[in-house]
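Trainee: Give me the fold of what follows.
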Amino acid sequence: MSSEPHLEYDKGPPLDDGTETENESDRTGTDDEPEPPDVGETQQPTATAPPWVAGLCSGAGAFVVVFAVIYQLTSSMFAAGTFARMEQEPNRWAIAGLSTLGSHGATIEQGGEQVQAGFATYAGLTSHVTTLVPVVVLALAGYLLVRYARLETRADAGQAIGSMGLAYLVLATGLAQIARWTPEEERVGTTGDPNQIAVPVDAGTVLTLAVTVFVFAGLGAAIAALPRLLESGLAAGDADSGD
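Mentor: Numbers count the residues shown, from 1 in each chain. The predicted model follows:
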């Protein structure tokens, strides 16, 4: 039996165990982290407001934009001297209102008869440029409404488009009540009653405005909804083929 002393020391845990433990913890932490979504799966931003609220805001905003653009065009006509030959220039707000309503297809009347645009005085009330303004703005408003509002069912889409058209019609009808112009030099009869130029607020005017609003807003909404319809149709076709 040897009498030489033996040194004993603690070797510690095996290196393999530590490595495996460390790798397992790394894998666990990696698995817990959510995977970033693909670029194609990124959701579009949507408004959280109810459909009817989004429709009302969209309709009111579209009308304000249309009137603002046509008012700017009217101001340029005043600057070019379109109404300079009048003894007293008409109010710009009234002319802008008449031009806005006429650009939607509403009839502008003077003394109960339709205004003849051939006269130089009234030639600037409507033009090809002003007629395009509501078409473009309404189509864009309908597109943005369907694109970014939270519309989960067809009823939501109908509610949004309907409230949009209602808000637009109410503002347009209110504008027809106040957009009136009385040329100072034109009088009728012996009583001296003014021959007022205005848009009559009747069923024909309301119907004309409604058709313009819903046709072009609906066109923009249909363009925005087309990708969703195609996607749902393709998904339904894949489900049927899978069965």
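
Trainee: which outside residues touch the helix or strand containing Val136?
Mentor: Using DSSP states H and E, Val136 sits within helix 128-148. Helix 128-148 is contacted from outside by 44-47, 54-55, 58-59, 61-62, 65-66, 69-70, 73, 99-100, 102-104, 157, 160-161, 164, 168, 212-213, 216-221, 223-225, using Cβ atoms under 8 Å, 6 or more residues apart in numbering. C-beta: built from backbone N, CA, C; applies to glycine.

Trainee: Just the buried ones from these, in ChimeraX syntax?
Mentor: The buried subset of the contacts of helix 128-148, as determined by 16 or more other Cβ atoms under 10 Å, is captured in ChimeraX by this line:
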select :47,54,55,58,59,61,62,65,66,69,70,73,99,100,102,103,104,157,160,161,164,168,212,213,216,217,218,220,221,224,225
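
Trainee: Looking at the contacts of helix 128-148, which are in helices?
Mentor: 54-55, 58-59, 61-62, 65-66, 69-70, 73, 99-100, 102-103, 157, 160-161, 164, 168, 212-213, 216-221, 223-225 (DSSP state H).

Trainee: Touching, Arg92 and Phe78? I think so.
Mentor: Yes: if you go by Cβ atoms under 8 Å, Arg92 and Phe78 touch, sitting 6.1 Å apart.

Trainee: coming back round to it: what mean pLDDT does the helix holding Val136 get?
Mentor: Here helix 128-148 scores 93 as its mean pLDDT.

Trainee: Can you dump the C-alpha atoms of that helix in CSV for me?
Mentor: Provided in CSV are the C-alpha atoms of helix 128-148 (Å, rounded to 0.1, in the frame of the first residue of the first chain):
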residue,chain,number,x,y,z
HIS,A,128,-66.5,71.2,-67.7
VAL,A,129,-63.9,71.7,-64.9
THR,A,130,-66.4,72.3,-62.1
THR,A,131,-68.5,69.3,-63.3
LEU,A,132,-65.5,67.0,-62.8
VAL,A,133,-64.9,68.2,-59.2
PRO,A,134,-67.7,66.3,-57.5
VAL,A,135,-67.1,63.3,-59.7
VAL,A,136,-63.5,62.9,-58.6
VAL,A,137,-64.1,63.9,-54.9
LEU,A,138,-67.1,61.6,-54.4
ALA,A,139,-65.4,58.6,-56.1
LEU,A,140,-62.3,59.2,-53.9
ALA,A,141,-64.4,59.5,-50.8
GLY,A,142,-66.2,56.3,-51.5
TYR,A,143,-63.0,54.5,-52.1
LEU,A,144,-61.3,55.7,-48.9
LEU,A,145,-64.4,54.9,-46.9
VAL,A,146,-64.5,51.2,-47.9
ARG,A,147,-60.7,51.0,-47.9
TYR,A,148,-60.1,52.2,-44.3
